[in-house]
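Student: All I have is the shape, not the residue letters:
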């Protein structure tokens with residue numbers, strides 16, 4: 001991440017973010033890395049991991065979170081019908 005931050009200082013990129021399926025890795029990134037955002041898996045089937053592991057660390061460090069697979073590949077809509 002330090003190497004990538006040099007691109008920010010050189011105005012080669014504007015923002016740096018990381019993406020992970022692991023909420024433990026997300027917590028570590030939100031607490032230790034100098035990122036502009038993190039992208040994490042989040043859906044209603046597995047929301048406890050996000051809400052108890054990674055989201056609190058991101059909130060504490062003012063790191064925005066982008067969510068992916070929010071509908072579990074549309075499986076949640078099919079289950080609701």
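Tutor: Done, it's in. Quantities reported herein were computed from a predicted structural model and do not represent experimental measurements.

Student: Mean confidence (pLDDT) on the helix or strand hosting residue 24, please.
Tutor: Residue 24 is part of helix 23-32, with elements assigned from DSSP states H and E. Mean per-residue pLDDT for helix 23-32: 91.

Student: Show the subsequent helix or strand relative to it.
Tutor: Heading C-terminal from helix 23-32, the first helix or strand you meet, by DSSP H and E, is strand 37-41.

Student: Enumerate the positions of that following strand that are buried.
Tutor: Judged by neighbour count (16 or more other CB atoms under 10 Å), strand 37-41 contains these buried residues: 38, 39, 40, 41. All C-beta spots, glycine's among them, are computed from the backbone N, C-alpha and C.

Student: any idea how far residue 5 lies from residue 13?
Tutor: Per CB to CB, to the nearest Å, residue 5 is found 9 Å from residue 13.

Student: Between those two, which contacts overlap?
Tutor: Residues touching both residue 5 and residue 13 (CB atoms under 8 Å, 6 or more residues apart in numbering): there are none.
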